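>>> any chance you could fold what I've pasted below:
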Amino acid sequence: MLSKFKRMLISRALNYDNKRGFKNIHAPPEVTTTYVTARYKLEETLPVAKYGGRYIVTMIPGDGIGKEIMAHIRDIFYMICAPIDFEVIDFDDPTDIDYIVHSARRNQCAIKGHMERWYNQKQLIFDSPNVELRKKLNLFAYITRFQTFKGVNCKFPDVDIVLVRQNTEGEYAMLEHETIKGVVNSLKVVSRKMVLLTAEYAMEYAKNHGRKKITVIHKANVQKLTDGLFRDVCFDLGKRNNIEMEELIIDNAACKLVQNPYQFDMLLCPNLYGNIITSIICGLIGGSGLTSAGNYGSNCAVFEPACRCRAKSLQGLNLANPTAFINAGMQLLHHLGFRTRAELLGEALRKSIEDDLVKTKDIGGTATTSEFIDNFKKNIARLMEEAYAKKVREVEEDFDAQTYLENL
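The predicted model follows:
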């Protein structure tokens, strides 16, 4: 492991600017993202630094493998000298959801594992905590980017698809009731306001990341009012933004995805269809343990593995794949403005999987979780030392001893 002094020097190297010199690592720049809606302009300002310039992020390990993997995530963030402190909240009781929501709303940022739904002996008595968290924090947009790793065997290499999903409405409104005995109704809620917010988020993402075409997934041939509204709002907004749009029925989209995913660039889906499509694409690129997702709202963002799988059968066996959690941590770093650190983790992760071929059992390898993490940390340390050496060379090349002595 790196010494504390060396970690400090490397951290400063990661925060070096060629024009302005070393930046204050405890005062990362504030990042502001603006979304323009049809009726108003909404400015989302990222969380301000607190307590000596450090960010506070809510961490919810959740159930299954979450607790053991999140412990590794905290170690990794410490290793890369990220000025982030985690407020860890264990979800051990359904009433904990209110405390989790309060913490995430206060910190404006969270990273989580999957939280199990609670049952009693007779019937379900608590809503899904994952859905409840998204609704109470109004996390209207779900974004995930699916990319293949060269070291992972899959049918379609070099896949690169972005999916944006409406995250709070549709079948996930959780409005169900029994009309008479044996007859149950479920309400599917779709509102123009929430579709507009999600679609605008997708359009902004497409413009900022060079995405050329958006495919709207729906079932408007059957659900003409709900899915029809979703489709119409998305297409109207796409025309105003001069973005190429196409539409596909959900069952046809699923078929085309497994036949040829390369025809898709970016997908825009209602809630339930987005969940299904996410699992399909995860299966195409190698499994549920590789991809992460971001849930974004007006004043909060929550990052998690894209497939909400507890992997409870792997709990405590040291066999789980930590890649999706690491990717969630990378999204968190990007969100807070620590781009260099996020790219460092991304490069180290690809070296571990593609160059060193260190893979867990679910993606065709034999490594344990600990072996994977150890190799990943070695790659991080190597890259940090290389970054530090590079910055030192740049400083030495720019240093003019004669001018320095004259100015003394």
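>>> doesn't residue 109 make contact with residue 55?
Yes. Between residue 55 and residue 109 there is a contact under C-beta atoms under 8 Å: 7.1 Å. Bear in mind the C-beta positions are built from the backbone N, C-alpha and C, glycine included.
>>> the more surrounded of these two?
Neighbours were counted for residue 55 and for residue 109 using other C-beta atoms under 10 Å; residue 55 has more, 23 against 19.
>>> now the more buried one: how far from residue 274?
29 Å (C-beta to C-beta, to the nearest Å).
>>> am I right that residue 230 is in contact with residue 218?
Yes. In this structure, residue 230 is within contact of residue 218 by C-beta under 8 Å, at 5.7 Å.
>>> what is in contact with these two at once?
residue 270 (C-beta atoms under 8 Å, 6 or more residues apart in numbering).
>>> and the two? Which one has more around it.
Neighbours around residue 230 and residue 218, counted as other C-beta under 10 Å, are more numerous at residue 230. The numbers are 31 against 24.
>>> C-alpha coordinates for the helix or strand encompassing the more buried one, CSV please?
For residue 230, the host element (DSSP states H and E) is helix 226-240. Output of helix 226-240 as CSV, limited to C-alpha atoms (Å, rounded to 0.1, in the frame of the first residue of the first chain):
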residue,chain,number,x,y,z
THR,A,226,-50.7,6.4,-21.7
ASP,A,227,-48.0,5.3,-24.1
GLY,A,228,-49.5,7.5,-26.8
LEU,A,229,-48.9,10.5,-24.6
PHE,A,230,-45.3,9.4,-23.9
ARG,A,231,-44.6,8.9,-27.6
ASP,A,232,-46.1,12.2,-28.7
VAL,A,233,-44.3,14.3,-26.1
CYS,A,234,-40.9,12.7,-26.9
PHE,A,235,-41.4,13.2,-30.7
ASP,A,236,-42.6,16.8,-30.4
LEU,A,237,-39.5,17.6,-28.3
GLY,A,238,-37.2,15.7,-30.6
LYS,A,239,-38.4,17.8,-33.6
ARG,A,240,-37.8,21.1,-31.7
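>>> run through who's touching it.
By C-beta under 8 Å, 6+ apart, helix 226-240 touches 166, 170, 188-190, 192, 195-196, 199-200, 202-203, 214, 216, 218-220, 244-245, 247, 268, 270.
>>> wait, residue 111 touches residue 303, no?
Yes. Using C-beta under 8 Å, residue 111 is in contact with residue 303, at 4.8 Å.
>>> now do the shared contacts for the two.
328, 329, 332.
>>> looking at those, which is nearest residue 87?
residue 332 (13.5 Å; C-beta to C-beta).
>>> next, count neighbours for the closest residue to the closest one other than its chain neighbours.
Closest residue in space to residue 332, ignoring its immediate chain neighbours: residue 303 at 4.9 Å, by C-beta to C-beta, 6 or more residues apart in numbering. Neighbour count for residue 303, taken as other C-beta under 10 Å: 24.
>>> so what's residue 303 up against?
Counting by C-beta under 8 Å, 6+ apart, residue 303 has contacts 110, 111, 112, 292, 293, 294, 295, 328, 329, 331, 332, 335.
>>> can you list the strands that whatever helix or strand the fifth one lives in pairs with?
Put plainly, it is residue 293. Here residue 293 is covered by strand 292-296, with elements defined by DSSP H and E. Strand 292-296 has the following strand partners under DSSP bridges: strand 141-147 (antiparallel), strand 301-305 (antiparallel).
>>> of the contacts of residue 303, select the buried ones using a PyMOL command.
Of the contacts of residue 303, the buried ones go into a single PyMOL selection, burial set by 16 or more other C-beta atoms under 10 Å:
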select buried, resi 110+111+112+292+293+294+295+328+329+331+332+335
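>>> now do the longest strand anywhere in the chain: distance to the chain's middle.
Criterion DSSP state E: the longest strand present in the chain is strand 170-180. In terms of C-alpha atoms, centre = their mean, to the nearest Å, the centre of strand 170-180 is set 29 Å apart from its chain centre.
>>> in it, which residues are buried?
Applying 16+ other C-beta under 10 Å to strand 170-180 flags 170, 171, 172, 173 as buried.
>>> show me what it is packed against.
Contacts defined by 3 or more C-beta pairs under 8 Å, 6 or more residues apart in numbering; DSSP states H and E place strand 170-180 against strand 183-189, helix 271-285.
>>> hey, what's the angle from the shortest one to strand 170-180? Just curious.
If I follow you right, that is strand 183-189. 150 degrees (axes from the mean of the first three to the mean of the last three C-alpha atoms, to 10 degrees).
>>> how near is the closest residue to residue 308 other than its chain neighbours to residue 153?
Distances taken as C-beta to C-beta, 6+ apart put residue 114 closest to residue 308, at 4.5 Å, once the chain neighbours are dropped. The gap separating residue 114 from residue 153 is 25 Å, by C-beta to C-beta.
>>> can you give me the helices for the protein?
Ranges of helices in the chain, per DSSP state H, are 4-14, 66-79, 96-107, 129-136, 192-208, 226-240, 250-259, 271-285, 323-335, 339-350, 369-398, 401-406.
>>> how far away is the residue lying closest to residue 55 once chain neighbours are set aside from residue 330?
Spatial nearest neighbour of residue 55, excluding adjacent residues (C-beta to C-beta, 6+ apart): residue 84 at 4.7 Å. Using C-beta to C-beta, we find residue 84 at a distance of 13 Å from residue 330.
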